[in-house]
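Trainee: A predicted structure for the sequence below; I have some questions about it.
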Protein chains: 2
Amino acid sequence: MPQFLDASAVDFEERFVALLGAKREDSPDVDAVVAEIIADVRARGDAAVIDLTSKFDRLDLTPETLVFSAEEIDAFCEQVSQEDRTALELAATRIRAYHERQMPEDASWTDESGATLGWRWTPVSAAGLYVPGGLASYPSSVLMNAIPAKVAGVGRLAIVVPTPDGQANPLVLLAARLAGVDEVYRIGGAQAVAALAYGTETIAPVDKITGPGNAFVAAAKRRVFGKVGIDMIAGPSEILVIADKDNNPDWIALDLLSQAEHDESAQSILITDDKAFGKAVAAAVDKRLETLERRAIAGASWRDYGAVITVSDLSAAAQLSNRVAPEHLELCVQDPDGLAEEITHAGAIFLGQYTPEAIGDYVGGPNHVLPTARSARFSSGLSVMDFVKRTTLSKMTLASLRAIGPSAERLATSESLEAHGLSVRARLDALNE
Amino acid sequence: MPQFLDASAVDFEERFVALLGAKREDSPDVDAVVAEIIADVRARGDAAVIDLTSKFDRLDLTPETLVFSAEEIDAFCEQVSQEDRTALELAATRIRAYHERQMPEDASWTDESGATLGWRWTPVSAAGLYVPGGLASYPSSVLMNAIPAKVAGVGRLAIVVPTPDGQANPLVLLAARLAGVDEVYRIGGAQAVAALAYGTETIAPVDKITGPGNAFVAAAKRRVFGKVGIDMIAGPSEILVIADKDNNPDWIALDLLSQAEHDESAQSILITDDKAFGKAVAAAVDKRLETLERRAIAGASWRDYGAVITVSDLSAAAQLSNRVAPEHLELCVQDPDGLAEEITHAGAIFLGQYTPEAIGDYVGGPNHVLPTARSARFSSGLSVMDFVKRTTLSKMTLASLRAIGPSAERLATSESLEAHGLSVRARLDALNE
C-alpha cells in the first residue's frame, strides 16, 4: 500500500520531507572495478574490449566483428514487423520535428563603443550513445538520444549496445538506422564507455557520451567526464500526477503504474484536492496490479515509494510538486495551462487528461530523457543543446579599445595581473602616438 | 624556451600530438579528505564549518559571523578607490548587457495532429558561487559568475569566499554588491561547498554551485554533483594566437604572457604563417620576461608548455587550432571574420589586433569562465543557460491522441511496458465508446 498523506495533518511536513528524502537507489560501489576496466582499455585497446566482452557478454569478437556491418543491420531491420516499423517512423518524425525547433541561434551586434560582440553555435564533432542490452534495451531511447545529436549536426554518431550471448534487438538497430547513426558496436559496460572516450585501434574516440546504463556504465561515465562530455546520470523514473475529481480513476492509476512498472525504485505520486478521488485511484491501481504483466515490479514500487497526497486546493498541489521537482508531471485538472504557470521545477509537463505520460515516452515529440531525483531544480532534459557548444566572439575597434581598455587595465592591475594590463596598454600607447 | 614546431617537418604530427596530450596539471588526490569534510558538514552543520574554518583559515567564527553583515560589506566597499569602482561598474554594465541577450525564449505551437507542444524556461531558485581567497581572489570572476545568475532570475545567490586570517578583498565584496549577490559567507574549501550543497543551521542549501577553486574545491564539487548542479571543473588557462606577419610582435608577446602569468601550468601557443614573425614574438616574450612582475610563473609556463608553430597558410592554422580546441583564441590576421568561419572548437574568439584577450577577462561583455583542457570540443563557457532549465510541455487533444496514440501503444508493447500501452488504450477505448 502506498503512503496516504493529508496536507492539513499536523505531521504532514515531517512525512513529506521524509518522502522527499527517501533514498530509492542503492548504487553498488563499482568504482574500483570500473577504474581497472578503463585502465585496461586505455592500455590494450581492442584486445581489452574483446576480452571483457567475452567475459561479461559471453560473446567472442574480433576487431572486425566489433562493429555491425551494414548488411547485418539490414538483416536485422528486415525482421521488424511493418506495424512496429510504422510506429517507430512516426516517433522518429515527431521527435525530429520537435527537436529541430531547439536549434539555438547565432548572434552578432555592435554596441555603443563600436565593439562587435556575439556568439556562434557549433556541433560536437563526434558523439557516442550508450544503449543498454537485455530488458532495458529500448528502441525509443535510441531515437531520443540519436535524433537530437543528428539535428544538432553531429558529424559522427556511434552507438554501443551489448549483445549478451549474441542476442541483438532488431528494433534498436532499426531505430539507429532511422536516426541516422553512423556506427553500431556490439559492446557494452564500462569497457564500451572507455572505448568511446579514449578510442581503440578500431573505435575512434568521441567528444561526448550520452545514454542510460547500469551502475558500471554510470560509474564509467563519471570517470571519463572531463576527457569527454557526458549527459546526466539518470536515476529511477518518477511521475507526479496532480488530478482533480473530474478524472477517470483508472486512467490516472495506469499513468502512475506506467512509471512504477519501470523499476522497483521508481516513484509515483498522486496529489489531489479530493480525498475520495485519491482513494478511488489507489483502488484502481490495486485492481490493475492483479493482472499487470510487470505487477511484481510495479507493485513493489507503488508499495515502497508510492504516495497519495490530499491538499486543500490545486495551488497547494503545485507548491508541493515544485518541492518534488518531478521528472514527469501530469496536470489532469480543469485548467492545466493555468496550473502550469505555477510550476517552477519539472522535467516535462503533460497537460490535461488526454495526455498520458506514455505519449511523451514515444511519440509526443519532446525528449524522454529527463532529470530525475529532484535534479529538475537545476537541469533540463536531453536536447539539441547537449550536442552543440557556444563560442563567444569579441572584436574591438580602435575607438572601442580606447573607450573600455583603460578599465580593463585598471582591473588587471587590481588583480596583480601585469601582462593582462600591458597587453591593453601597449596597444593604447601605440594608438596615441 | 618554448617549443618551435614547423607543420612541414616530418616529425610535426608526432610533436603536435605530444603537445596536445601534454598533461599540464598534476591534481593531488584529495578525494578521501574531501569525503570526510563533506560527511562532517552533513553531520554537524555549522559546528563543522566553524571548526574547519578555524583549522584551515585560522579564523574563529560563530554562526552569527559566518555571514558578512550589510554594514561590514558597506565598510569594505568604502575602501575601494573611485577609479577601481568606476572600472568595476563599467565591467558589470557590459557583462550584464551581453548576458541579457542570452535569455532563451519559451516556445509553444500546435502541430498538424492538433497537439500543442513547446517548452518553458525557469530560473534555478538558489545558486551558490565559490570565490577563492588569497592570490586568486578575482573580483572579475565574481561578476562573471554572479551576473549571469541574476540575469537568469536566480532568486537567491550566495557567495562563499574564504578570508584566511580574517583578510577580505574589498573589491570582491564590491563586485558581489554590484552583481546583486544576496548573501556572502566568509568560508571556503570543501567545507564551504558542502555547506552550500547540503545546508547547515545558518546556511540554506542551494540548487547549483559554480565558480573556480583549488583541488579540494574541485573534488568537493565533483562529489556533490547530483545533489546540486555544478559548472565545469576548470583547468589551467590557455591561449592560442593565430597571427600573420602584419602584427606588432610585442603585442602578441604580451597576449601570450597574459595567460602564462596565471599559472605555471597555463599554456600559450602561437601559430603563424611567417617563421621570422614567430621568432620575433618569441624574442619579444623573452624581453618582457626580463621585467614582468610574475616572470617566474609566466616564464615557467612559456618554457614548459609554450609553443610557436609555423604553418604554410592560415587555413592550416585554423585546422590545428580546432584540434587544440583552445579556451581563448585570438585571430590577429587581415580577415579575422573570414578565418573565424573555419573555427569549429574554441571557448572564445578575439578578432583582430585591437582585441587582446585581456579585454575579454574584464570588460568585453562575454563571460571569461570558459572551457579548458580541450573541453571546448563539447562544452561552452558559463552563461545565463547555466542558471535556467527547460520544462517541456505537451498537450494532446482527443484528435491528436487518436492520431498518434496507437503508435505509442505499439512501441510500449514492443518494449514490454504494458501499463504504458494501457494508459493510452484505456483513453482511446473510452473515446471510441
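Mentor: Noted; the coordinates are in hand.
Trainee: do you know how far the spatially closest residue to A:Arg323 that is not a sequence neighbour is from chain B?
Mentor: Nearest residue to A:Arg323, sequence neighbours excluded (CB to CB, 6 or more residues apart in numbering or on different chains): A:Leu20, at 6.4 Å. The C-beta positions use only the backbone N, C-alpha and C, and glycine is treated the same way. Distance of A:Leu20 to chain B, given as CB to the nearest CB, to the nearest Å: 12 Å.
Trainee: wait, is A:Leu20 part of a strand?
Mentor: No. Going by DSSP: H, G, I helix; E, B strand; the rest coil, the assignment for A:Leu20 is helix, not a strand.
Trainee: how far away is A:Gly229 from A:Ser380?
Mentor: 15 Å (CB to CB, to the nearest Å).
Trainee: quick one on the thing from earlier: now do the residue nearest to A:Arg323, the pLDDT please.
Mentor: At A:Leu20, the model reports a pLDDT of 90.
Trainee: before we move on, what about A:Ala317?
Mentor: pLDDT at A:Ala317 comes out at 98.
Trainee: please point out which parts of the helix or strand harbouring it sit buried.
Mentor: Secondary structure assignment for A:Ala317, by DSSP states H and E: helix A:314-324. Going by neighbour count (16 or more other CB atoms under 10 Å in any protein chain shown), the buried part of helix A:314-324 is A:Leu314, A:Ala316, A:Ala317, A:Ala318, A:Leu320, A:Ser321, A:Asn322, A:Val324.
Trainee: quick check: longest helix of chain A.
Mentor: Longest helix of chain A, by residue count under DSSP state H: helix A:82-100.
Trainee: now the closest residue to chain B within the stretch 151-300 of chain A: closest residue in space that isn't a chain neighbour?
Mentor: Residue of the stretch 151-300 of chain A nearest chain B, by CB to the nearest CB: A:Gly229 (3.4 Å). The shortest distance from A:Gly229 to any non-neighbouring residue, by CB to CB, 6+ apart, is to B:Phe378 (3.4 Å).
Trainee: domain map for chain A?
Mentor: Domains of chain A are assigned by automatic domain parsing as A:3-24+A:235-364, A:31-109+A:123-230, A:396-432.
Trainee: mind putting those domains in JSON lines, distance to B:Ala175 included?
Mentor: Formatted as JSON lines, the domains of chain A follow (distance: least, CB to CB, whole Å):
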{"stretch": "domain A:3-24+A:235-364", "distance to B:Ala175": "28"}
{"stretch": "domain A:31-109+A:123-230", "distance to B:Ala175": "25"}
{"stretch": "domain A:396-432", "distance to B:Ala175": "10"}
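Trainee: need the contact list for the residue of the stretch 51-200 of chain A found nearest chain B.
Mentor: Closest contact between the stretch 51-200 of chain A and chain B, by CB to the nearest CB, is at A:Ala87 (3.9 Å). Listed by CB atoms under 8 Å, 6 or more residues apart in numbering or on different chains, the contact partners of A:Ala87 are A:Tyr362, A:Val363, B:Pro406, B:Ser407, B:Ala408, B:Arg410, B:Leu411, B:Ser414.
Trainee: which of those ranks first by neighbour count?
Mentor: Within the contacts of A:Ala87, most neighbours by other CB atoms under 10 Å in any protein chain shown means A:Tyr362, with 33 neighbours.
Trainee: does that residue really touch B:Ala412, like I thought?
Mentor: Yes. A:Tyr362 is within contact range of B:Ala412, at 6.8 Å (criterion: CB atoms under 8 Å).
Trainee: common neighbours of those two, please.
Mentor: Contacts common to A:Tyr362 and B:Ala412, judged by CB under 8 Å, 6+ apart, are B:His420.
Trainee: for A:Asn169, see how far away the residue nearest to A:Arg323 is.
Mentor: 36 Å.
Trainee: which is the next helix or strand following the helix or strand hosting A:Arg177?
Mentor: Following DSSP H and E, one finds A:Arg177 within helix A:170-179. Sequence order places strand A:183-185 as the next helix or strand after helix A:170-179, per DSSP H and E.
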